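Enquirer: Structural data only, the sequence is not supplied:
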């Protein structure tokens, strides 16, 4: 009996869950891969789709592709999940498997393309923190009056390196919403700023936060989406003066953070998406479905 052709849907995001549902409705067989058991809850196993939980590597991927008879790859991973995207692209090129990147739209493409600051010593050293936060003691910093917001737009940097090699964080009360994997990078800054972190509700994330020097009173574990009201309340409760986020688009809550930052006069720092040379990409659901249909019908 001939093995059933399947699409490999690289998941872990809300848009990948939407794609999985659409593939099921179109009766297109697929296997969606995620790296954690908590991410499994985004999907439902059924006649046309199944969930595979583990971290794929260059050594394990060929067997995975053969086991599930993969005929095409739809990559709907997080914009910052660089390793799996690069691995999939390289493997697909080697094995001549069609690949399509489903990229979530940027929150504000125009400002993103024109405002990204590269890792430059000149750009870094010339930056001065907002004058509304002039105190050098981070414990004494408070968010400005919401009626008098700081007249600045989100600061978009090209990488975590650009942020951490500068003085942007010095003396600030910083809320990190960049995921638990990035927290170790901020460990050296624990004595130069007051750092808070939002993580996913998992033991892995909590252990990573504690290992990076975050005390329990400076950690909140929540699964997105986060409403504007909850964001606002958290920032005010912790008297946040700066928020660091990734350019994860509306699906990642970037639009909500931009809104609340503008309301409260809090400096929002946005880490731009890594640049990856995707062979083919789209942000159109119908294009992604047509791609899958062409190989599984």
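Expert: Nice, thanks for sending it over. Treat the numbers as computed from the prediction; the structure is a model and nothing was measured.
Enquirer: Show me what residue 175 is bridged to.
Expert: Here residue 175 sits in beta bridges with residue 196, residue 243, going by DSSP bridges.
Enquirer: Report how many residues lie close to it.
Expert: 26 (other C-beta atoms under 10 Å). No exception for glycine: its C-beta is placed from N, CA and C like everyone else's.
Enquirer: and if you look at the one 3 residues further on?
Expert: By other C-beta under 10 Å, 23 other residues sit near residue 178.
Enquirer: before we move on, what about residue 27?
Expert: 11.
Enquirer: separation between the nearest residue to it once chain neighbours are set aside and residue 98?
Expert: Leaving aside its sequence neighbours, residue 27 sits nearest to residue 48 (C-beta to C-beta, 6 or more residues apart in numbering; 5.7 Å). The gap separating residue 48 from residue 98 is 19 Å, by C-beta to C-beta, to the nearest Å.
Enquirer: Can you pull the domain assignment for the chain?
Expert: 6-106+275-296, 109-271 (automatic domain parsing).
Enquirer: got TSV for these, with mean pLDDT too?
Expert: As requested, the domains of the chain are exported to TSV (pLDDT from 0 to 100):
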stretch	mean pLDDT
domain 6-106+275-296	93
domain 109-271	80
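Enquirer: Find the helix or strand that residue 245 is a member of.
Expert: strand 242-246 (DSSP states H and E).
Enquirer: what are the phi and psi values for the residue nearest to residue 27?
Expert: Main-chain torsions, residue 48, degrees, to the nearest 10: phi -110, psi -10.
Enquirer: returning to that earlier point: ok, residues contacting the strand holding residue 245?
Expert: 79-80, 133, 163, 168-169, 172-179, 235, 252-254, 257, 261, 266-271, 273 (C-beta atoms under 8 Å, 6 or more residues apart in numbering).
Enquirer: and these, which are buried?
Expert: With burial judged by 16 or more other C-beta atoms under 10 Å, the buried subset of these is 79-80, 133, 163, 168-169, 172-179, 235, 252-254, 257, 261, 266-271, 273.
Enquirer: Looking at these, which are in helices?
Expert: Under the assignment DSSP state H, the buried ones among the contacts of strand 242-246 contribute 163, 235, 254, 257, 261 to helices.
Enquirer: excluding its backbone neighbours, what's nearest the third one?
Expert: Ranked by C-beta to C-beta, 6+ apart and with sequence neighbours excluded, the top spatial neighbour of residue 254 is residue 107, at 4.3 Å.
Enquirer: same deal with the fourth one?
Expert: By the measure of C-beta to C-beta, 6+ apart, the closest residue to residue 257 outside its immediate chain neighbours is residue 245, 5.3 Å from it.
Enquirer: Can you report how many residues neighbour that neighbour?
Expert: 24.
Enquirer: Check the one 5 residues further on too.
Expert: Close neighbours of residue 250, defined as other C-beta under 10 Å, add up to 15.
Enquirer: picking that back up, quickly note the distance from the residue nearest to residue 254 to residue 171.
Expert: Taken as C-beta to C-beta, the span from residue 107 to residue 171 is 28 Å.
Enquirer: what's the single longest helix in the chain?
Expert: Max-length helix for the chain by DSSP H is helix 82-95.
Enquirer: From the rest of the structure, what touches it?
Expert: The contact list for helix 82-95 (C-beta under 8 Å, 6+ apart) reads 8, 10, 56-58, 61-62, 65, 73, 75, 77, 97-99, 101, 274, 276-279.
Enquirer: List the strands paired with the helix or strand that it is followed by, with their directions.
Expert: Next helix or strand after helix 82-95 toward the C-terminus (DSSP H and E): strand 99-102. Strand 99-102 pairs in its sheet with strand 70-75 (parallel), strand 281-282 (parallel), by DSSP bridges.
Enquirer: Tell me which of the ones you listed sits nearest to residue 220.
Expert: strand 70-75 (30.3 Å; C-beta to C-beta).
Enquirer: List the buried residues in the closest one.
Expert: Neighbour-count burial for strand 70-75, counted by 16+ other C-beta under 10 Å, picks out 70, 71, 72, 73, 74, 75.
Enquirer: Hmm, residue 186 and residue 212 touching each other?
Expert: Yes. Counting by C-beta atoms under 8 Å, residue 212 does reach residue 186; the two are 6.4 Å apart.
Enquirer: all helices for the stretch 1-150 of the chain, in order.
Expert: 14-25, 37-40, 61-67, 82-95, 109-115, 121-125 (DSSP state H, counting those that start in this stretch).
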